[in-house]
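> any chance you can model this:
(chains A, B, C and D)
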Protein chains: 2
Amino acid sequence: MLEEEKDTINRLSKMPLGSLDLDAVSVVTNIYRVAQGLRNKMEREVLSKYGLSWTSFSILYDLSIWKAIETKKLAESAAVSKATISNITKTLEKKELCYRKTDTRDRRITYVMITAKGIQVMEELYPEFHKREVEIVSGLTVNEQKSVTELLRKVIRKNQF
Amino acid sequence: MLEEEKDTINRLSKMPLGSLDLDAVSVVTNIYRVAQGLRNKMEREVLSKYGLSWTSFSILYDLSIWKAIETKKLAESAAVSKATISNITKTLEKKELCYRKTDTRDRRITYVMITAKGIQVMEELYPEFHKREVEIVSGLTVNEQKSVTELLRKVIRKNQF
DNA sequence: GTATTATCGTTTCATAGCTAACGATTATGA
DNA sequence: TCATAATCGTTAGCTATGAAACGATAATAC
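Got it, this is the predicted structure:
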């Protein structure tokens, strides 16, 4: 077990909180710790050079894959609010990495599309990003990677994340 | 494999990006997805009632465990910047959940402490939070929980997250 | 056909979060 | 001693984020 976890559990068990499911606490704590760590690492070592935050990168990533996509779908995919998508695509548009276009039939719908410059940035950026991804999980064997992925998918399905 | 993952990998493999380590991509993608999902769920279903964000909750949680702690340690523990800690503890102080005190010897250091009201909120809040934690991982057996925790710890150690 | 309801994107306003710059303080070194 | 460096917390200025409200539009009901 990691040092801070020991300390925390020690003190937690002294609080008047009734019985705790320590296995559940550990899963949640460590998932969030890894997620925060990899987000910070990516922003610091890769994304900052391009002036992109984690979320704006993930939006650009979606755009590079889907070419044209409604803002509503973007919000679902990145698990953020429509308002956030509004702001981020506005920022990306300022950087000329994407542009927006209202649907001619249903004018409530806005499509977001990646620009040539956006594609170019992505093709330069993604290999760097992917290199870090591989590094980050390199402490696990391939079988362990497959295993943790399968377990996480189970959690995602159960909770509809 | 989850549906969106299939789509994404399909399109990714058509991009001119060279070879990809798909196992690594899956690990990183699913870790972040679970983390985002549980954060959103907690904020929506538990923390919003108390006007707390995920981060301010985690700060309050640390305070309830450590009683008095330097802002620097808080920043490390929550993996956010010192500036963020300044802002969040200021907000918590406004809600009378904590207070700050400068060290008498070394006046560069500020200690943050939880108030009686803060403890009270935590004792009411944490059982609810913990209940959701248990729910979220309830799709996994205890052995699976231990397994995913051990694998994540390996990633944390390797990357010093 | 018209009124109601639902949906979509945006704006507004608050907090969260970062970096960089700053001021205060302590530690170090000549 | 006294100047320089190092460290700490805060502030300023920016983007990110969500909830709620808004306006425009489309779908539905009558």
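
> quick one: stretch A:2-11 to chain centroid distance?
In this view, stretch A:2-11 has its centroid 28 Å away from the chain centroid, taken as CA atoms, centre = their mean, to the nearest Å.

> nope, stretch A:153-161 is what I was after
A distance of 16 Å separates the centroid of the chain from that of stretch A:153-161, by CA atoms, centre = their mean.

> give me the buried positions along that stretch.
Buried positions in stretch A:153-161, judged by neighbour count with 16 or more other CB atoms under 10 Å in any protein chain shown: A:153-156, A:159, A:161. Glycine gets a C-beta too; all of them are placed from N, C-alpha and C.

> stretch A:50-63 too?
Using 16+ other CB under 10 Å as the test for burial, stretch A:50-63 gives A:50, A:52, A:55-63.

> number of residues surrounding A:Ile69?
Counted by other CB atoms under 10 Å in any protein chain shown, the residues lying close to A:Ile69 total 18.

> which SS class is A:Met113?
Classification of A:Met113 using DSSP: H, G, I helix; E, B strand; the rest coil returns strand.

> any idea how far it lies from A:Thr89?
10 Å (CB to CB, to the nearest Å).

> more crowded one of these two?
Counting neighbours by other CB under 10 Å for A:Met113 and for A:Thr89 shows that A:Thr89 has the greater number, 22 against 14.

> before we move on, the earlier item: quick check: neighbours shared by A:Met113 and A:Thr89?
In terms of CB atoms under 8 Å, 6 or more residues apart in numbering or on different chains, A:Met113 and A:Thr89 are both contacted by the residues A:98, A:100.

> tell me how many other residues crowd A:Asp106.
Residues near A:Asp106, counting by other CB under 10 Å, number 8.

> a strand runs through it, doesn't it?
No: under three-state DSSP, A:Asp106 falls outside any strand and is assigned coil.

> can I get the longest helix seen in chain A as PDB, trimmed to CA atoms?
Longest helix of chain A, by residue count under DSSP state H: helix A:22-45. What follows is helix A:22-45, C-alpha atoms only, in PDB (Å, rounded to 0.1, in the frame of the first residue of the first chain):
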ATOM      1  CA  LEU A  22     -11.700   0.000   2.600                       C
ATOM      2  CA  ASP A  23     -11.500  -1.900  -0.700                       C
ATOM      3  CA  ALA A  24     -14.000   0.400  -2.200                       C
ATOM      4  CA  VAL A  25     -12.200   3.500  -0.800                       C
ATOM      5  CA  SER A  26      -8.900   2.300  -2.300                       C
ATOM      6  CA  VAL A  27     -10.400   1.700  -5.800                       C
ATOM      7  CA  VAL A  28     -11.900   5.200  -5.900                       C
ATOM      8  CA  THR A  29      -9.000   7.000  -4.400                       C
ATOM      9  CA  ASN A  30      -6.400   5.400  -6.700                       C
ATOM     10  CA  ILE A  31      -8.500   5.800  -9.900                       C
ATOM     11  CA  TYR A  32      -8.800   9.500  -9.200                       C
ATOM     12  CA  ARG A  33      -5.200   9.800  -8.300                       C
ATOM     13  CA  VAL A  34      -4.000   8.200 -11.600                       C
ATOM     14  CA  ALA A  35      -6.500  10.300 -13.600                       C
ATOM     15  CA  GLN A  36      -5.400  13.500 -12.000                       C
ATOM     16  CA  GLY A  37      -1.700  12.600 -12.400                       C
ATOM     17  CA  LEU A  38      -2.000  11.700 -16.100                       C
ATOM     18  CA  ARG A  39      -4.000  14.800 -16.800                       C
ATOM     19  CA  ASN A  40      -1.400  17.100 -15.100                       C
ATOM     20  CA  LYS A  41       1.500  15.300 -16.800                       C
ATOM     21  CA  MET A  42      -0.100  15.700 -20.300                       C
ATOM     22  CA  GLU A  43      -1.000  19.300 -19.800                       C
ATOM     23  CA  ARG A  44       2.500  20.100 -18.400                       C
ATOM     24  CA  GLU A  45       4.600  18.100 -20.800                       C
END
